[in-house]
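Participant: quick check, what structure comes out for this input:
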Amino acid sequence: MYESLKNPSSQRKSWVHLNRIVNILEVIQDAIVICLCLGLFCFMVLQLYSMVVSLLPPLQFHVVTADILSLLIWVELFRLLIIYLQEQRISIGVAVEVAIVSVLREFIVRGVLEIPATQVLATCAFLMVLGLLMVIRVWLPPTFDGIDPEHNVSQRHQQRSTAKKAEMNGNHTILAKN
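Facilitator: Below you'll find the model as predicted:
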């Protein structure tokens with residue numbers, strides 16, 4: 001610690017190393033998301049095959065409906081991962097849509113009459129909260145359309161550290177003159 005205060009170049013080197021580590025971790029994270037996308041795509045192909053097989057006679061309506069809704073959920077999850085890869089963020093709207101479709105799938109597959117009343121009420125409350133999230137999301141300011149709050153905080157931090165360095169360098173030159 002004392003060495004880095006004495007030698008500003010060592011502090012810059014540590015920032016460079018830290019940035020390299022962060023960049024490497026981001027690349028690894030993107031690779032993990034790409035693997036998830038590929039796995040999810042393969043799973044969707046298998047689900048599609050299962051759905052085609054379930055369409056053969058005798059036709060089972062509940063199985064076909066469950067397969068179609070499951071496929072829609074997987075498509076939305078795939079879309080969520082693609083948005084993450086493109087924009088490096090999780091889309092709240094898509095995540096809420098996935099949750100809504102998942103809950104509705106369970107209701108349709110099991111049947112509303114077979115689910116206990118307390119669970120139906122709790123699920124309705126959950127769906128109302130998700131619907132409210134969808135409505136509120138429209139009024140929230142777009143944080144990723146040219147406005148990056150993390151970038152602003154990072155710039156302020158860099159300005160403060162630069163000011164501290166300049167102040168420390170000024171103190172060292174005053175001490176050297178004395």
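
Participant: when you work out contacts or count neighbours from here on, use the C-alpha atoms and nothing else.
Facilitator: Fine.

Participant: what mean pLDDT does the one helix or strand residue 160 maps to have?
Facilitator: Assigning secondary structure by DSSP states H and E places residue 160 in helix 149-177. Averaging pLDDT along helix 149-177 gives 63.

Participant: now do stretch 91-104
Facilitator: With pLDDT averaged residue by residue, stretch 91-104 scores 86.

Participant: what about residue 105, neighbour count?
Facilitator: 20 (other Cα atoms under 10 Å).

Participant: for the chain, which helix is longest?
Facilitator: As assigned by DSSP state H, the longest helix anywhere in the chain is helix 8-54.

Participant: show me how far the helix or strand hosting residue 64 is from its chain's centre.
Facilitator: In the assignment (DSSP H and E), residue 64 maps to helix 61-87. Relative to its chain's centre, helix 61-87 lies at 16 Å (Cα atoms, centre = their mean, to the nearest Å).

Participant: so residue 83 is in contact with residue 91, correct?
Facilitator: Yes. Under the criterion of Cα atoms under 8 Å, residue 83 makes contact with residue 91 at 7.0 Å.

Participant: what number of residues lie near residue 94?
Facilitator: Neighbour tally, residue 94, other Cα under 10 Å: 17.

Participant: so which other helices or strands are in contact with the helix or strand harbouring it?
Facilitator: Per DSSP H and E, residue 94 falls inside helix 92-110. If contacts are counted by 3 or more Cα pairs under 8 Å, 6 or more residues apart in numbering; DSSP states H and E, helix 92-110 sits against helix 61-87, helix 117-139.

Participant: quick one: closest of the ones you listed to residue 100.
Facilitator: Checking the helices and strands packed on helix 92-110 against residue 100 by Cα to Cα gives helix 117-139 as the closest, at 6.6 Å.

Participant: so which elements touch the closest one?
Facilitator: helix 92-110.

Participant: pull the residues that contact the helix it packs on.
Facilitator: 62-63, 65-66, 69-70, 72-73, 76-77, 79-80, 115, 123, 127, 130, 133-134, 137 (Cα atoms under 8 Å, 6 or more residues apart in numbering).

Participant: from the chain's centroid, how far away is it?
Facilitator: Using Cα atoms, centre = their mean, the offset of helix 92-110 from its chain centre is 18 Å.
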